[in-house]
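Asks: Can you look at this prediction? I've put the sequence above it.
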Amino acid sequence: MVASLASTISSPDGPRAAGGWTVHLHASATSTNDLAAPLPGWHAVVADRQTGGRGRHRRSWVSDQGGLWLSAVLPTPGPAADWAILPLAAGWALRSALADLGVTDTRLRWPNDLMVGPAKLAGILVERFRADTAVVGLGLNLLNQPETHDPALAGQTVRLADLIAPVPVRSVVLDAILERLAHAQRLIADRSVADLLPTLNTAWTGARVAIEIDGRPAPLTGRLSAVDATGRLQLDADDGTRHHLSPLQVARLREIL
Ligand code: BTN
């Protein structure tokens, strides 16, 4: 619960409250992450659609009407290194929020893609524009139709509408996610993030993966065995070696299903 925080949400029509957050609603945005960049902690931006939505590794992110396109600004007090785990914790928060809503058959693909089987339900892009905050950009397919807008996504995406009926309204999903993000923020700020690791590790441990690393000619293949409290990935490679990789080293991670 985030009851200790003040509650307001604002939109073109005025503020709306949600568990301590101030949420700015827009009909359209280039990228909600850019609108959120200058905002203080506990503000969030939601757009009905994005015209320049972006994903990790400079990929574009299809953000058509009917999805949840959210950027939540979290305060990041203390040393920057403490917050290296945030992208993973955000994945945990998203997965937990959906479980709270009855969607339980999701898994995480490292570092924070939310998957159902081989299909992607949601993605997260954490960006730091200021030293005292982090923007957690989160795209979740609800009722939208990403494949219609990008046929290359055929078979690769899944929506909440494919998983549960009736689909909760966007504001309910939003509130559940913001509550869990606040929870994740508290755990990191309180240096209690180790509490998350067992759950996080069960969300992906054992996946067989091929990892492309900048400057290395061939991908490393092996099994993910854990992540540590700094967000580093432990890979037990097929050649018997063990690697600890920071998210910044990983150019691409492909699952071998
Ligand atoms: C990924 O899986 O590569 C991350 C996708 C993140 C998309 C979200 S949608 C809201 C926010 N605004 C953006 O431009 N990107 C993030």
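Replies: Yep, it's here.
Asks: Residue 107 and the ligand: what is the separation?
Replies: 15 Å (C-beta to the nearest ligand atom, to the nearest Å). Backbone N, C-alpha and C define where each C-beta goes, glycine included.
Asks: typo on my end, it should be residue 24
Replies: 13 Å.
Asks: ditto for residue 149
Replies: Taken as C-beta to the nearest ligand atom, the span from residue 149 to the ligand is 14 Å.
Asks: Kindly report the same for residue 181.
Replies: 13 Å.
Asks: how many other residues sit next to the nearest residue to that residue once chain neighbours are set aside?
Replies: Distances taken as C-beta to C-beta, 6 or more residues apart in numbering place residue 93 nearest to residue 181, at 4.7 Å, with adjacent residues excluded. For residue 93, the tally of surrounding residues (other C-beta atoms under 10 Å) stands at 28.
Asks: What helices and strands are in contact with the host helix or strand of residue 93?
Replies: Element membership of residue 93 [criterion: DSSP states H and E] is helix 86-100. Helix 86-100 sits against strand 107-109, strand 113-116, strand 119-130, strand 133-140, helix 170-189, helix 197-204, with contacts defined as 3 or more C-beta pairs under 8 Å, 6 or more residues apart in numbering; DSSP states H and E.
Asks: got a markdown table for those, with mean pLDDT and mean neighbour count too?
Replies: A markdown table is the format used below for the helices and strands packed on helix 86-100 (pLDDT from 0 to 100; neighbours: other C-beta atoms under 10 Å):
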| stretch | mean pLDDT | mean neighbour count |
| --- | --- | --- |
| strand 107-109 | 90 | 19 |
| strand 113-116 | 95 | 21 |
| strand 119-130 | 97 | 19 |
| strand 133-140 | 98 | 26 |
| helix 170-189 | 96 | 21 |
| helix 197-204 | 80 | 17 |
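Asks: out of those, nearest to residue 39?
Replies: Residue 39 lies closest to strand 133-140 among the helices and strands packed on helix 86-100, at 7.8 Å (C-beta to C-beta).
Asks: quick one on the thing from earlier: so how far is the helix holding residue 93 from its chain's centroid?
Replies: With C-alpha atoms, centre = their mean, to the nearest Å as the basis, helix 86-100 stands 7 Å off its chain's centre.
Asks: quick revisit: can you lay out the helices and strands packed on helix 86-100 as a markdown table showing distance to residue 210?
Replies: Below are the helices and strands packed on helix 86-100 laid out as a markdown table (distance: least, C-beta to C-beta, whole Å):
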| stretch | distance to residue 210 |
| --- | --- |
| strand 107-109 | 13 |
| strand 113-116 | 15 |
| strand 119-130 | 17 |
| strand 133-140 | 24 |
| helix 170-189 | 29 |
| helix 197-204 | 15 |
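Asks: Can you check which of these gets nearest to residue 154?
Replies: That would be strand 119-130 among those, by C-beta to C-beta, at 10.4 Å.
Asks: Alongside the ligand, which residues does the stretch 101-250 of the chain contribute?
Replies: 113, 123-125, 137-139 (C-beta under 6 Å from any ligand atom).
Asks: and the most centrally placed residue in the chain, bridged to which residues?
Replies: Nearest to the centroid of the C-alpha atoms of the chain, with distances taken as C-alpha atoms, centre = their mean, sits residue 124, at 3.0 Å. According to DSSP bridges, the residues that bridge with residue 124 are residue 138.
Asks: I'd like to know how many residues surround residue 213.
Replies: The local packing of residue 213 (other C-beta under 10 Å) involves 16 other residues.
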